[in-house]
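Participant: Could you work out the structure for the sequence below:
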Amino acid sequence: MPEHVKVSEVMSDKVFVVDIDETVQMAAIVMREKDISGLIVIEDKNAVAVIALEDIVKKVVAENLSPRDIKVRDIMSSSIITAQDDESLTDAAMRMAANDISRMPVLDSEGNLCGIITKTDMLKTMPALVNYLYEKETEKEITPAPERVAIDGICEECGNHSDELRKVDEKWICQECEELKNV
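Facilitator: Residues are numbered from 1 along each chain as shown. Sure, this is the predicted structure:
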């Protein structure tokens, strides 16, 4: 793993989009069919916003509006925060945290939409980063700190978040998956 992980190494290049003039109902249908919780809103082939399930719930369902009658443009976020494919994962994560967002469109050097990065993508990377840093310490022949028995992150078996991932058979897994392996 490179010392400075780039957004392009972690992002998903499968980007699902919805046109700004599409109905909220159609956006919700796409989210359901693709099993995702957000879409990139495009206008004239450019990413202009993000629409999330939370937007639909708070701005349409909670207001008792008809998703057939409301356009994506009426409920989407008013501004878009993006990441560059060649920027560091750390910088992107800090921007997501500072803006309290869980997904960002990723643009290439020409400003074209080339991917999406989510908090989940970042969390999945953390066990690999811990291993990488441990290996770097070992290469320098510095006595590393004792290995943690458990770490916080995403289980590589079931995909759920856990405060206590344990390394089993070279994978970071949660207690439930570990118990299933031992049955």
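Participant: lowest-pLDDT helix or strand in this structure?
Facilitator: Taking mean pLDDT, DSSP states H and E as the measure, the chain has helix 119-139 as its least confident helix or strand, at a mean of 67.
Participant: Name the next helix or strand downstream of that one, please.
Facilitator: Note on helix 119-139: by DSSP states H and E, the next helix or strand toward the C-terminus is strand 151-154.
Participant: Quick check: buried residues in that next one?
Facilitator: I151, G153, I154 (16 or more other Cβ atoms under 10 Å). Bear in mind the C-beta positions are built from the backbone N, C-alpha and C, glycine included.
Participant: The nearest residue to the first one once chain neighbours are set aside - how many residues pack around it?
Facilitator: Meaning I151. Of all residues not flanking I151 in the chain, L165 sits nearest, at 5.0 Å (Cβ to Cβ, 6 or more residues apart in numbering). Per other Cβ atoms under 10 Å, the neighbour tally for L165 reads 27.
Participant: So for stretch 8-28, what gets flagged as buried?
Facilitator: Buried residues in stretch 8-28 (16+ other Cβ under 10 Å): 8, 10-11, 15, 17-20, 22-24, 26-28.
Participant: Just give me the closest of those residues to K59.
Facilitator: Among these, V24 lies closest to K59 (Cβ to Cβ), at 8.4 Å.
Participant: Next one: the closest residue to the closest one other than its chain neighbours from K34, what distance?
Facilitator: Once flanking residues are discounted, V24 sits nearest to P67: 4.1 Å by Cβ to Cβ, 6+ apart. Computed as Cβ to Cβ, to the nearest Å, the P67 to K34 distance reads 17 Å.
Participant: Of the two, which one has the most company?
Facilitator: Shown here are P67 and K34; by other Cβ under 10 Å, P67 has more neighbours (16 against 11).
Participant: which residues does that one contact?
Facilitator: T23, V24, Q25, A28, I56, V60, V61 (Cβ atoms under 8 Å, 6 or more residues apart in numbering).
Participant: now G38
Facilitator: When contacts are counted by Cβ under 8 Å, 6+ apart, G38 touches M31, V50, I51, A52, L53, S102, R103, T118.
Participant: hmm, back to that, which pair in the contacts of P67 spans the largest distance?
Facilitator: Largest separation among the contacts of P67 by Cβ to Cβ: T23 and V61, giving 14.1 Å.
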